[in-house]
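> sequence first, predicted coordinates after that:
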Amino acid sequence: MFDKREIFHNILRTWYLKHKRDLPWREQVSPYYIWLSEIILQQTRVDQGLPYYFKFISKYPTIFDLADASEEEVLKLWQGLGYYSRARNLHATARIIASERNGQFPETYAELKKLKGIGDYTASAIASICFNEPTAVVDGNVYRVLSRIFGISTLVNSTAGAKEFKALAQHLIDSDDPGTFNQAIMEFGARHCLPQNPDCPNCVFATNCEALRTGAVGKLPVKLSKKPVRKRFFNYIVMLSEAHNSTWLRQRNGKGIWQHLYEFPLVETDKEVSAAELLEHEGYKSLCKKLSVEGLTLYNEEAIVHKLSHQHINTRFWIARTSDTDEKAVRYSEITNYPVPVLIENFISEFPVFKN
DNA sequence: AAGGCGGGGGC
DNA sequence: GCCCCAGCCTT
């Protein structure tokens, strides 16, 4: 179809020069900015990530500033963006590069990929954009664009698919300007070759697109259907010590969602429970061993359903009063310093007691 | 090879 | 509701 890769390059480059967005990390190409933007944009739309990019470069102008911060501070800045392992790995990698490499990023795909949080895609993006290494990126956009233009129905989220699309992208890449090629094909996927209702009649690849020719645009790319979401039932115990103007927060450790973020003491149940059932629950009883609880009233009768891509968390907040306090207590005025999931942030911001 | 990991936007 | 987003890591 493209006997000469140059044809593909020229069509793509012409489109890109006309339609590319002015994104802040494109203004001055530095590995730190590119790395930061690429981590933020993993599984995240540009519009959603942009405010976070500005917050991070403002608070941490250099990688040394990021390395000097605490993980908790970084998580707080990341709060609301999701996939929090990105923030933890970002911080860990900043510390490695600052302390072991004098702030200098590795300059090759192979070396970049060894760093925490940098996989095949991100290593290719940094190596090509910053160091002109001809290594092709394959993200969701590239899967979509290539599967359609070349009419490839291989499952994209399979080992075979990853291999096939990487090889094709690597074959197509413009070695003279790999960074621009990579950004252009992604931008084309993000702005023109959309998942739903792409504007095929006005597409610069219309005469070259196999999927358009065969009417398969809507069927490509082919993905594995995802499994049904897990339903969970969270009961948060919001302790109020009015004598000390303090409540309790706990950090989530171990596996699962929201690692290292904070939340109120949690009692997870296998269904929605009444107050009587909660009082008899082992998780609640062990919580009460640690401090005297003087009352338990339900804050929201109607459970809040917090929807993650893979879990639906039915949540009810229970207000409890106590006269105890201890070193784990958090003063109302300091509660906003802690990184918390959006579910908790929403409650805090609407709960009258915590309003200053 | 498969599953877990957030939150938001578009339709 | 469903799909997708400049993916990565663990098991």
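Alright, I've got the coordinates. Numbers count the residues shown, from 1 in each chain, chains lettered A, B, ... in the order given.
> mind checking what secondary structure the residue nearest the centre of chain A has?
The residue lying closest to the centre of chain A (CA atoms, centre = their mean) is A:Tyr83, at 4.0 Å. Judged by DSSP: H, G, I helix; E, B strand; the rest coil, the three-state class of A:Tyr83 is coil.
> correct me if wrong: it contacts A:Ile40.
No: assessed by CB atoms under 8 Å, A:Tyr83 is found out of contact with A:Ile40, at 10.0 Å. In this view, the C-beta of every residue, glycine as well, is placed from N, C-alpha and C.
> picking that back up, roughly how far apart are the residue nearest to the centre of chain A and A:Ile126?
19 Å (CB to CB, to the nearest Å).
> same deal with A:Asn346?
The gap separating A:Asn346 from A:Ile126 is 35 Å, by CB to CB.
> the more surrounded of these two?
Each of A:Asn346 and A:Ile126 has its neighbours counted (other CB atoms under 10 Å); A:Ile126 has more, 28 against 14.
> quick check: phi and psi at the closest residue to the residue nearest to the centre of chain A other than its chain neighbours.
Excluding the flanking residues, the one nearest A:Tyr83 by CB to CB, 6 or more residues apart in numbering is A:Gln43, at 6.3 Å. As for A:Gln43, its main-chain torsions (degrees, to the nearest 10) stand at phi 60, psi 30.
> can you give me the neighbour number for A:Gln43?
Residues lying near A:Gln43 (other CB under 10 Å) number 11.
> cool, A:Phe54 as well?
Count around A:Phe54 with other CB under 10 Å applied: 11.
> list the buried residues for the helix or strand encompassing it?
Using DSSP states H and E, A:Phe54 maps to helix A:46-59. For helix A:46-59, a neighbour-count test (16 or more other CB atoms under 10 Å) marks A:49-50, A:52-53, A:56-57 as buried.
> try stretch A:32-40
Buried, per 16+ other CB under 10 Å, within stretch A:32-40: A:32-40.
> what do you get for stretch A:310-325?
Residues of stretch A:310-325 classed as buried under the neighbour-count rule (16+ other CB under 10 Å) are A:313-322, A:324-325.
> what number of residues lie near the closest residue to A:Phe165 other than its chain neighbours?
With CB to CB, 6+ apart as the criterion, A:Phe165 has its nearest non-adjacent residue at 5.2 Å, and that residue is A:Val138. Per other CB under 10 Å, the neighbour tally for A:Val138 reads 25.
> quick one: contacts for A:Val138?
A:120-121, A:124, A:162, A:165-166, A:169 (CB atoms under 8 Å, 6 or more residues apart in numbering).
> quick one: buried residues of the helix or strand of chain A with the lowest mean pLDDT?
Ranked by mean pLDDT, DSSP states H and E, the weakest helix or strand in chain A is helix A:282-289, scoring a mean of 88. The neighbour-count check on helix A:282-289 (16+ other CB under 10 Å) flags A:284, A:287 as buried.
> what helices and strands are in contact with that helix?
Helix A:282-289 is packed against strand A:230-240, strand A:266-269, with contacts defined by 3 or more CB pairs under 8 Å, 6 or more residues apart in numbering; DSSP states H and E.
> which of those strands is buried the deepest?
Ranked by mean neighbour count, these are led by strand A:230-240 with a mean of 19 (mean count of other CB atoms under 10 Å).
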